[in-house]
Structures are given as structure tokens and as C-alpha cells.
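Enquirer: The sequence isn't on hand, but the structure is:
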């Protein structure tokens, strides 16, 4: 079935930094050995048999995990600085700490599988084929942004990569994701949709409405709760009578996963995809953590202790976990890993510099894309006698 | 959600048109909608229908009769009573590239799903700068029915009509129903299709052209149902019928009224409305919904902005009473516009009667 491919002029002139880090799909072509690594903890299952905690991976995959997560970490920290410098406006929700969920999921799926998430979407967008320049341009409201500057931080999309946003209304993305799964089943595509949501959204009524329909109609929908334990400033024990989110699907099977362990995430998503294609919806609960506050206007320390934050960073950081694995298996040296981190920093800085050069959108863009088919109708500006546009 | 009241509507079935051609077929609005759905589902395998009771029940108002049998349960889907959930699912399916037709048993229940209509559907093409288009139709009966009370009688024309990114249509006749529904399903943008329960059973003549499966009406164009030169009356949905009857009565008193069937609330056909007012110099807007911030308010302002110099009288506005819809039959009658209200307003616009409150 034909997915509409919208060719936008800016994409053809988009500058991809020619570095080994720019493509998140990069795999090294030499010395690729298969490894079997145990997840940090076994999976906890609800109404299903948990997958094995022994995960198959390769040296190149582990290296790509490290590279990707390092790049994302750098990107989010850079966004923090840009926000404080007032180059990013409005809302900015950062994902640092949660990188393993996006990266692990991507390793288990392909671009025909769909991913939809809420507003903490910068890293998910990157995983689905987005570029740093598109991220920073969009954050700064420039025309080279992935949404041409018209969306902002919460509205990144990449349809050709199977990424359907980027949604600002808590919980709305869940029925939308089930709708994507419906589309996949209707079109007989052998693919699944992952709908990501937080512990805050986990109590939304529309989640249960969508899950009910997904189960009734046998849709290949996977609901993924990124449980970072805080819905904005409200801890999970204060908002959910039952914070066992993986069990909340009741009739739908669930799996609780260490979301800071990228291999566990990959294994769980692989398991979920196979399950959903055969048996319909299930819930994955990723036990994860965000280092930043809910958004840039939240210091993140009024409702949790700094000790807790640094404790997680020390014990469970996803990047550190992979670093230890890589070093333990002699896949790379400490220096090589440090070089990768330096490269990432450089790449992020270069992307920011390029993004700063990008222009703001043309004033006429105020009136584009209101409709696909504008029918030649008039749209008015604040002073309609002064500014009128015709919608093409 | 709604105990569907199987009331018998006793309605005069004479149509809007005074002239009957012996070769013109008669078709109810119900059959018009059913045939339009059928033809569009047949023409495009991506079109599917979902909503409460659309399948096995044959449709709460029998609009989808026979479709489940013809297209099967994969394309005609009975949903649980969960508007927020199934509307979101419909919008997600549209993101994927399918063409859903989501039925609300009445538009009152669309309020449960309004976040998805506005934030997930209407705004997505804009927020994504054209990446995510939403070719979806939300349809169902809108506005007052008969004796269904306050929670089941709200008109949403101005609610949805104010939102950029949506297209809002309101058919009156069977020709409107067929042509506009087909246009809505074929349109790549989210369309709100406001039907009227009391019109479902009304018959209208339909020409061979209307019956053809390729028939389609343009979105954003009003229709001049009756030409006139003394006063313009705008209306949509059921009120078009009332306006036409009012025009008959006015004609006997020497007032020639031009009746405009809006057909499209958004985009609003400002040029047809203004051209008519520039001809007649007087305007009466008619709607069933609440007056404040209503469709008539927008039309009035549009005319003042574009054709102020042509107005020979203040714009008159006929709308539903500014109260929640009562149940008692006599109160209900007082809460919605009647033909005599339209006639009276037209006469006021033509300076043929003194207004109720004389200016002090």
C-alpha cells in the first residue's frame, strides 16, 4: 500500500555531516563477533512466558549502541544549554537517562514498524533516521527543522522512517498508535506499532479504551510504558493505585524490563514484535529514569533528592553499562571510547553551528500546510484587511 | 451513552423543489448517504467505516444498512462505546494512509473525542509541515432532534467551524448528502460532516447526474436554492427547508427572498453570500444552534467587513434560543427557530414591521 511520500524541497539540500557518527545505522565491517550477554535482571512477566535473559548481540552492535547513546546524551545536554541561552523557546523535554529505550527498541525493529511517542521525542526521532541538524533547527524554529520550524520540540515526525511523532497531549498517542497498528493489519503489512507513553499517561482512560479495541480486533499494537517514576512532579506512588504498569493491561500480557539495559530492551521489543504479530497487543514496562526534570522549566529536584539522581547515574546509567561491557569483552579500549565521545561532542557542536545558520521560516509559511488541499480559500491574519493569504 | 429513541417522525415529505419532472427519481437523505458510502467504499479499498452499531445493527439510524454484509467486518467495524479511544484509532489509521469514516452516533458524543479531532487530526498536517496528512471523515447527526433533551441536541457547526485544519460540511438535500459525503471521503483533509437526524427520512428529487457514482460536489461552495432580489436568507441543514418555506410565505407578501444553502461551514462561501447581499442589500442568517459565536455571527461580520456599504438594514440573526434544550414539547418548539421567526426577521430587514423593542 502506498504511504504518501511528501517530498519537501529542504530535504534535498539537507546537509548530512559526513562523519561516521552521523548515520545511526552504521555498522563496522570488520571483526564482528557474536556475543551472548545476560540482562541485568530477569524479565518479570504477566500472562505470558518471559523471554530468556540471554541476549544475542554482536561487537559491532554493542559499539553502535555506545555511539548512538553517547550522541543522544550529548544532543540533549546541548539542547539544555541552547534553552538556557534562549535559543530554544517554549517546551523542551529532555530524554537523557532514557536513551537505552529508544536505542534498544530500534535494534529490534525495522523502518516499516511504526513508533509513536509523546513529547520527549528528540532521541526517538534520531533513532528513526532523523539528523542532528533537523533536531536543532526544529528546536530553534528554523526552516531546516524536521517540521520546518512549525512544530517545535514536541512535534518531530519522520513518516518515511516510521516515526509518527511527537505529541503534546498526554496519552493521545496511545490510541493513535493503535490506529497505526490497525492500518498495518488492514494493509496486511507484517509489522507492528510501538506506542510509547510515560507513567503519568498510564492512568489515562483512552489507553484502556485503545487497548480494549486492540485486543478485541487482534491488532499488532505494543504499548510501551517508559516508567521514569515521575509524571512531571508527581511520583508514581502518588498517581497510580497500582504502579505495576505492565500488569495494568489485565487481559493483555505484560513484561517488566530494565529500561536502563539496552540489551534487555532489545530482547523485550523483539519478543513483543513476535508476540503482537501472532497474538495481539501487549504492554512493555521499561523501568527507566530521566536525569533532567520533566522539562526545562522544572529543576527536577523539588520532588526527588539529588542523591537519588546521582545514585541512578552511578549504578544504572545505560551508557556506562555498555562501556563496561565493551571494555570487559575487549571490544574497544578506554581511549577509543573516549574518542567516540569526543567525536560525538564535535558532531553535535557542528550541527548546532549549521542549525544556527538556518533561516527562520518565510512569513508566507504561516499559511502553508493548513490543509493538503486548500481549495484556493482565503485565510486571514490578525488584521484581515491587511494580511490575507490564499490556501493552495 | 444514548438510549436510541425509536421515535416515529411524522414529517411532511414534500421536497424543496416545487417543480417535479416525471423522470426525476426521489431519494431519501438516508439512502443518499448509504449510497455515497457504498460507492466510495467500492471505489477505494482504503475507505472503511467505524462507529457504534454501524455493522450488525445496520447503523443506529440505518445509514450504513447493508454495508457490513457487502464489505465484511474488516471494513465495517462495530466499536465499543469509547469515543476517545476509537476516534484516536481512526485518526491513527488515517496517519498510516487509510481513509476512515468515523461515525458518531450523534455529534454530542464527539465531545468525548474532541481532543483527537482538533489536536490529533486538524493540526497534524500543519505541525508536521505536510508530512502527516489526515484523510478522515467524522460524520453523524448534529443539532436538535425531537424530544431528546439538552445533552442530545447541541449543534457543533460553529465549534468545529472555528478550527483551522478542519473542513466542515452540512448537507441539506439528498443531492447535498451524496455529493458532499463523496467529496468529504475523497478529500485528503479531516472533514466534519454534520448530518441531521430529522432529515434522514426526507425525500428529495435526484437527477441522473446526482445518482452517478462519480457525482461529487465542491467543498466550500454554497448553493442558491432559490433566487430572489429583496432579502438574502442564509441557512444550513434542516433550516434550509424552513427558509424555503419562509420564502414562499414572503413571496405572497411581495418580498422576494434569495435562499442560500451554505453546504459548507468551513470554508465558508463568503463570496456567494456577499454577492447575494450586494444584490438584495438585506440579510437574515438562520441556524438551529446557539446564537453566541455562532455561524450567523461569522456571516454577519463577513458581510459588514466586505459589503457594509451595500446593507440597507441591520443584519438579522435567527438562531436557537440561548438555553439548554428543554424536553417539554411546547418549550422545545420555543427553543428552535420556526418558519414564522424567519418570516418576521425578513420583514424587519425589509422595514415591513416594527421591531419588538422600539429604540428609546
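Expert: Right, received. Where do you want to start? A quick note: this is a predicted structure, and the numbers were derived from the prediction, not measured.

Enquirer: Residue B:315 is in contact with residue B:304, correct?
Expert: Yes - between residue B:304 and residue B:315 there is a contact under Cβ atoms under 8 Å: 7.3 Å. Glycine gets a C-beta too; all of them are placed from N, C-alpha and C.

Enquirer: Give me the distance between residue B:345 and chain A.
Expert: Distance of residue B:345 to chain A, given as Cβ to the nearest Cβ, to the nearest Å: 27 Å.

Enquirer: Where does that residue sit, in terms of helix or strand?
Expert: Per DSSP states H and E: residue B:345 is located in helix B:339-349.

Enquirer: for that helix, which positions count as buried?
Expert: Within helix B:339-349, the residues that count as buried by 16 or more other Cβ atoms under 10 Å in any protein chain shown are B:339, B:341, B:342, B:343, B:344, B:345, B:346, B:347, B:348, B:349.

Enquirer: Repeat that for stretch A:51-68.
Expert: For stretch A:51-68, using 16+ other Cβ under 10 Å, the buried residues are A:51, A:53, A:55, A:57-68.

Enquirer: So which residues on the stretch 151-300 of chain A come close to chain B?
Expert: A:151, A:155, A:157-159, A:164-169, A:172, A:174-184, A:186-187, A:205-206, A:208-210, A:212-213, A:216-217 (Cβ under 8 Å from any Cβ of the partner chain).

Enquirer: Mind checking which of the residues you listed are buried?
Expert: Judged by 16+ other Cβ under 10 Å, buried ones among these: A:151, A:155, A:157-159, A:164-169, A:172, A:174-184, A:186-187, A:206, A:208-210, A:212-213, A:217.

Enquirer: show me the residues around residue B:191 that make contact.
Expert: Applying Cβ atoms under 8 Å, 6 or more residues apart in numbering or on different chains to residue B:191 gives the contacts B:136, B:137, B:138, B:166, B:167, B:168, B:169, B:184, B:219.

Enquirer: actually residue A:142, sorry about that
Expert: With Cβ under 8 Å, 6+ apart, residue A:142 has these contacts: A:149, A:355, A:358, A:359, A:360, A:361.

Enquirer: Among the buried residues of stretch A:51-68, which lie within helices?
Expert: Secondary structure defined by DSSP state H assigns A:59, A:60, A:61, A:62, A:63, A:64, A:65, A:66, A:67, A:68 of the buried residues of stretch A:51-68 to helices.

Enquirer: for the residues you listed, which one is nearest chain B?
Expert: The nearest member of these to chain B, counting by Cβ to the nearest Cβ, is residue A:68 at 23.2 Å.

Enquirer: my read: the closest one touches residue A:103, true?
Expert: Yes - counting by Cβ under 8 Å, residue A:68 sits close enough to residue A:103 to count as a contact (5.0 Å).

Enquirer: can you list residues touching both of the two?
Expert: Common neighbours of residue A:68 and residue A:103 (Cβ under 8 Å, 6+ apart) are residue A:127.

Enquirer: Could you check which helix or strand contains the residue of the stretch 51-200 of chain A at minimum distance from chain B?
Expert: The nearest approach of the stretch 51-200 of chain A to chain B comes at residue A:179, 1.9 Å away (Cβ to the nearest Cβ). Residue A:179 is part of helix A:173-186 when elements are defined by DSSP H and E.

Enquirer: elements contacting that helix?
Expert: strand A:114-116, strand A:193-198, helix A:205-216, strand A:221-227, helix B:83-96 (3 or more Cβ pairs under 8 Å, 6 or more residues apart in numbering or on different chains; DSSP states H and E).

Enquirer: want to try TSV for those, with mean pLDDT as columns?
Expert: As requested, those are exported to TSV (pLDDT from 0 to 100):
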stretch	mean pLDDT
strand A:114-116	98
strand A:193-198	98
helix A:205-216	98
strand A:221-227	98
helix B:83-96	98
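
Enquirer: Other residues contacting stretch A:375-382?
Expert: With Cβ under 8 Å, 6+ apart as the criterion, stretch A:375-382 contacts A:366-367, A:370, A:387-392, B:164, B:218-220, B:267, B:270.

Enquirer: Just the ones of the residues you listed in helices?
Expert: Within those, residues falling in helices by DSSP H are residue B:270.

Enquirer: got a winner among the contacts of stretch A:375-382 for most neighbours?
Expert: Per-residue neighbour counts (other Cβ atoms under 10 Å in any protein chain shown) across the contacts of stretch A:375-382 peak at residue B:219, which has 24 neighbours.

Enquirer: What distance do you get for that one to chain A?
Expert: 6 Å.

Enquirer: Next, that residue: phi, psi?
Expert: phi -80, psi 130 (degrees, to the nearest 10).

Enquirer: Surely it touches residue B:185?
Expert: No - with contact defined as Cβ under 8 Å, residue B:219 does not reach residue B:185; the gap is 11.3 Å.

Enquirer: Pull the contacting residues for the residue lying closest to residue A:175 once chain neighbours are set aside.
Expert: Nearest residue to residue A:175, sequence neighbours excluded (Cβ to Cβ, 6 or more residues apart in numbering or on different chains): residue B:88, at 2.5 Å. Listed by Cβ under 8 Å, 6+ apart, the contact partners of residue B:88 are A:172, A:174, A:175, A:176, A:178, A:179, A:206, A:209, A:210, B:113, B:116, B:120.

Enquirer: Same check on residue B:25?
Expert: B:205, B:206, B:211.

Enquirer: on that earlier part again, mind putting the contacts of residue B:88 into CSV with distance to residue A:125?
Expert: Shown next, in CSV, are those (distance: Cβ to Cβ, whole Å):
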residue, distance to residue A:125
A:172, 18
A:174, 18
A:175, 21
A:176, 16
A:178, 21
A:179, 20
A:206, 23
A:209, 27
A:210, 23
B:113, 27
B:116, 22
B:120, 18
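
Enquirer: Would you double-check that residue B:258 falls in a helix?
Expert: No - according to DSSP: H, G, I helix; E, B strand; the rest coil, residue B:258 belongs to no helix; its state is strand.

Enquirer: Roughly how far does residue A:387 sit from residue A:378?
Expert: 11 Å (Cβ to Cβ, to the nearest Å).

Enquirer: Closest residue of the stretch 251-360 of chain B to chain A?
Expert: Counting by Cβ to the nearest Cβ, the stretch 251-360 of chain B gets nearest to chain A through residue B:267 (4.1 Å).

Enquirer: Torsion angles phi and psi at that residue?
Expert: phi -70, psi 140.

Enquirer: Between residue B:304 and residue B:315, which is the more surrounded one?
Expert: Neighbour comparison, residue B:304 and residue B:315: the larger count goes to residue B:315, with 22 against 14 (by other Cβ under 10 Å).

Enquirer: Who's the closest spatial neighbour of the more buried one, skipping the chain neighbours?
Expert: Spatial nearest neighbour of residue B:315, chain neighbours left out: residue B:300 (4.3 Å); criterion: Cβ to Cβ, 6+ apart.

Enquirer: helices or strands up against the helix or strand harbouring the one you found?
Expert: Remark: residue B:300 resides in helix B:295-307, with elements defined by DSSP H and E. Judged by 3+ Cβ pairs under 8 Å, 6+ apart, helix B:295-307 is in contact with helix B:157-161, helix B:270-280, strand B:283-286, strand B:316-318.

Enquirer: Quick check: buried residues in it?
Expert: For helix B:295-307, by 16+ other Cβ under 10 Å, it's B:295, B:296, B:297, B:298, B:299, B:300, B:302, B:303, B:306, B:307.

Enquirer: element containing the residue positioned nearest the centre of chain A?
Expert: The centroid of chain A falls nearest to residue A:124 when counting by Cα atoms, centre = their mean (2.2 Å). Assigned by DSSP H and E, residue A:124 belongs to helix A:122-127.
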